[in-house]
Structures are given as C-alpha cells and as structure tokens.
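>>> sequence and predicted structure below; questions after.
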Amino acid sequence: QVQLVESGGGSVQAGGSLTLSCAVTGDTYKFNYLAWFRQAPGKGRESVACSRTGDGDTYYAELGKGRFTISQDSAKNTVYLRMHSLKPEGTAMYYCAADPTVCFGVRYWGQGTQVTVSS
C-alpha cells in the first residue's frame, strides 16, 4: 500500500506564500508520478502540478503555471508545492496523489490540507 500525508496548509492573506508538503510511505515502488490537485467548495477537482519520481521531470496544468512550483526530495519521499502570490480563489483543499503510470493519475490519495486565502 501507499500512504500520502499532506501538511503545510493554513490561512494566508492574498499575495502571501505557502509551501505544502506530502510525505509518502509504504510501497513507494508502486508509483512513478506524484501530483498536486485542489478542490474548492462546490467545485470539481483541478490539477495543479505533477512530478515524475525517476528524473524529477515536472508538468504544470494551466492554473499551476507561474505561481506554483512542484519539487521532490527523493531521500525523504516527499513532494512539495510552493505557492506564491496567492489569490482568494486559491482557497481550497489541496491533495497530493500518486500513480504508477499517468501524470495526474489518482491511484493513491492523501487526505488533503486546507488552504484559505483571505482578501
């Protein structure tokens, strides 16, 4: 099994920054991609950024370009999402996921961490 635990969420004013972490434990050989998603109240899930574990290659969905940076620490089995210049519409639950074959695949999910951006 694969377990993902997100942390680092909180409340921040518009224009501020946050860095989210996702610690991965268990059968880490079972996935090759780690990704971040978000879901705001009453809205569907949105893809933010994805990282391939083997070479660290990254891909950003449209909303993740420019103000979000995904990175990973292979030694710690942790993936990060650094967010800056946050906007109120960035208020959402942020989730990380792992998948063996697909960037933005969702074979394994974390519980999420809440980010609230106030204006």
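Good, I have the coordinates. Residues are numbered from 1 along each chain as shown.
>>> nearest the middle, which residue of this protein would you pick?
For the chain, the residue nearest the mean C-alpha position is Trp36 (2.5 Å; C-alpha atoms, centre = their mean).
>>> gap between it and Ser119?
For Trp36, the distance to Ser119 (C-beta to C-beta, to the nearest Å) stands at 23 Å. From N, CA and C alone the C-beta is placed, and that goes for glycine too.
>>> then Gly56?
From Gly56 across to Ser119, the span is 35 Å (C-beta to C-beta).
>>> next one: Pro41
Note on Pro41: its distance to Ser119, by C-beta to C-beta, is 16 Å.
>>> can you give me the strands in this structure?
Residue ranges of the strands in the chain, as given by DSSP state E, are 2-7, 10-13, 18-26, 33-39, 45-52, 58-60, 68-73, 78-83, 92-99, 108-109, 113-118.
>>> sweet, I'm off.
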